[in-house]
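[1] Could you look at this predicted model? Sequence included:
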Amino acid sequence: MKEIILIKDGEIALKGLNRRQFEDRLMKNIRGAIKDLGDFEIKSAQSTIYITPLSDSIDLDDVCDRVSRVFGIAAFSRAYVCPEKTLESVLESAPVYLAETLKNIKTFKVEAKRSDKKFPYKSPEICRETGGAILKAFPHLKVDVHNPDLVVNVEIRDFGAYVRGGAIRGAGGIPVGTGGNAAILISGGIDSPVAAYMMAKRGVRLTAIHFASPPYTSPRAEQKVVKLLKKVARYSGDMTMYTVPFTEIQETIKNKCPEELFTIIMRRLMMEISQRIAEKRDCSALITGESLGQVASQTIHAIGCTDAATTLPVFRPLIGMDKQEIIDISYKIDTFKTSIEPYEDCCTVFTPKHPRTRPVLKYVEQAQEEANFGPMIETALENLKVTFINPRED
C-alpha cells in the first residue's frame, strides 16, 4: 500500500509575487525536519506539497509528527495513492484504505477535488460513486453531509488519484527563515520559551542568549535551558545558544547600585550585552518574554528604561497575554514541566525587596555609569560559552 503525505500551506497563498520564495523555504525546512527518517521525494504542485517516502521501511507516523511542527503548514494528511487514475481504482481503494476508521464510526460523507479537468467524471459523480462503494462495504454506515464522523476525501490530480481521511491541523505561521534573524533572551522560566516559539512561528530564525551566575545559579539551571531550547527547536529548527557569565556584573549591581534599581539595571545590561552578540550573529532584533504588568520590571516605565539600553527593536510577543494564556501555550509546546523544575536562573539572584515600578531613566543611567560596567561587559563577551541546539540529539 503506497502512502504519501499531502501538505496544504496557509498564509503562503497570500504572498503574491514572493510566494515561490516562501514555498521553497518551506520545502527546505520540511527536508531538514525529516532528513534523518529516510529518503523522500518532496515536490510542490497545484498549491500542495507532496512528500513521497522512497522506502517501505519509513514510519509515516514519525514523519507526520515532525511535519506537524513545521511552521508554514496549515494542514496535512496521509493519503493513499490509487494504483491507477481511474474511478474504478478509487472505488476499490477507498473502502480498503479507510477500513479501520470506517468500521468504528457511524456517519461519513465524501468530498472530491478534481484538479485534473481531463478526468472523465466530475466531482459530484466521484462523490456519489465513492459513497456508494463505501456503503456497500460497510452497510452500518449512514451519510451525513452536515456533521459526519469522517470526511472521505478523493483528489484527482495531475500526478494521480488519492484517497485520504480528514486533514490534520498544522503548526500554522510562516516558514522559519523568511522573517529574518533575532536573538531571544532565554531564561529557565515559563515565558521566554513561549516567546521564542511565537516569534519562530512568524518566520524568525533564532539565536538564544542565556545569562548564568555561578555559584548563585547551578549547572542544572543551564542544562534546564538547553532542554527547553531543544523543545522549542522542534518548531524553530537548530539554533545556537550563547551563555554569558554574569556573576561579576550582578555582584557589582548589588554592591554599587541602589537596591530598588537592581532589576532594571540588570535588564539594561542584559540588553546591551545581547545587542553585541546579536549584531555579530546578523540578528536584527531582540526578543523577550515580558508581559505588561506581570512583575515590577515589566511596567511601561521599566520597559522604557530597558529599551533605552539598545538600538535594536525589541519584540515582546507575550506583551498583552495573561499568565494562563502563556501557560496554555507552554503546555502545547511541552515546555511547562521543564520550566517549573526548581533550578533558578540569574533573574532571581539579588532580587530587591521593593523594586521601583516607575524608574526615571536619567537616574538609572547615572547609577549605571557610576558603577562602571564597561570592563566587565568586555570580559563577559570574551568568555561566552557556545552550545549548538539540535532537537534530534539527546
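    Good, I have the coordinates.
[2] Grab the nearest non-local neighbour of the residue most central in space within the chain.
    The centre of the chain sits closest to Tyr235, judged by CA atoms, centre = their mean, with a distance of 3.6 Å. Closest residue to Tyr235 apart from its sequence neighbours, by CB to CB, 6 or more residues apart in numbering: Arg69 at 4.8 Å. (C-beta placed from N, C-alpha, C; glycine too.)
[3] just to confirm, which helix or strand has that neighbour in it?
    Counting by DSSP states H and E, no helix or strand carries Arg69.
[4] burial of it, as a residue count?
    Neighbour count of Arg69, defined by other CB atoms under 10 Å: 18.
[5] Sketch out the low-pLDDT regions of this structure for me.
    Along the chain, segments meeting pLDDT under 70 span 1, 349, 394.
[6] What residue spans form the domains of it?
    3-171, 181-389 (automatic domain parsing).
[7] Straight-line length of the last one, end to end?
    When you say that, I think you mean domain 181-389. For domain 181-389, the first-to-last residue distance is 16 Å (CA to CA, to the nearest Å).
[8] again, but for the shortest one
    Between the opening and closing residues of domain 3-171 lies a distance of 22 Å (CA to CA).
[9] ok, now which ones touch the residue nearest to the centre of the chain?
    Arg69, Val70, Phe71, Ala171, Val176, Tyr197, Ala200, Lys201, Ile333 (CB atoms under 8 Å, 6 or more residues apart in numbering).
[10] switch the cut-off to 10 Å
    Applying CB atoms under 10 Å, 6 or more residues apart in numbering to Tyr235 gives the contacts 33, 68-71, 171, 173, 176, 196-197, 200-201, 206, 333, 391.
[11] among the domains of the chain, which is the most enclosed?
    Neighbour counts (mean count of other CB atoms under 10 Å) averaged over each of the domains of the chain peak at domain 181-389, with a mean of 19.
[12] how far is that one from where the chain is centred?
    Put simply, domain 181-389 sits 19 Å off its chain's centre (CA atoms, centre = their mean, to the nearest Å).
[13] What's the first helix or strand after whatever helix or strand the residue nearest to the centre of the chain lives in?
    Assigned by DSSP H and E, Tyr235 belongs to helix 219-236. Counting by DSSP H and E, the element after helix 219-236 in chain order, helix or strand, is strand 239-245.
[14] partners of that following strand, with directions?
    Its sheet considered, strand 239-245 pairs with strand 205-212 (parallel), strand 385-389 (antiparallel) by DSSP bridges.
[15] Quick check on Asn153: phi, psi?
    Dihedral angles of Asn153 (phi, psi; degrees, to the nearest 10) stand at phi -110, psi 130.
[16] Once you drop chain neighbours, what's closest to it?
    Nearest to Asn153 is Arg164, by CB to CB, 6+ apart, at 4.9 Å.
[17] Hmm, Val154 is touching Lys109, no?
    No. If you go by CB atoms under 10 Å, Val154 and Lys109 don't touch, sitting 11.5 Å apart.
[18] overlap in contacts of these two?
    Joint contacts of Val154 and Lys109 (CB under 10 Å, 6+ apart) are Cys127.
[19] Which of the helices or strands spans Gly132?
    helix 123-137.
[20] Residues touching that helix, excluding its own?
    Contact with helix 123-137 is made by 87-88, 90-96, 98-99, 102-103, 108-114, 119, 121, 141-143, 145, 150, 152-156, 161, 163, as judged by CB under 10 Å, 6+ apart.
[21] redo that, cut-off 6 Å
    Leu91, Ala94, Pro95, Val110, Ala112, Arg114, Leu141, Val154 (CB atoms under 6 Å, 6 or more residues apart in numbering).
[22] quick one, phi psi at the residue nearest to Tyr235?
    According to degrees, to the nearest 10, Arg69 has phi -110, psi 10.
[23] List the contacts of it.
    Here Arg69 is in contact with Ala171, Arg234, Tyr235 (CB under 6 Å, 6+ apart).
[24] ok, 10 Å please
    Here Arg69 is in contact with Ala33, Gly170, Ala171, Tyr197, Ala233, Arg234, Tyr235, Ser236, Gly237, Ile333, Pro391 (CB under 10 Å, 6+ apart).
[25] Make sure Ser44 is indeed in a strand.
    Yes. Counting by DSSP: H, G, I helix; E, B strand; the rest coil, Ser44 is found in a strand.
[26] I'd say it and Arg25 touch.
    No. The criterion here is CB under 10 Å, and Ser44 misses it with Arg25 at 11.6 Å.
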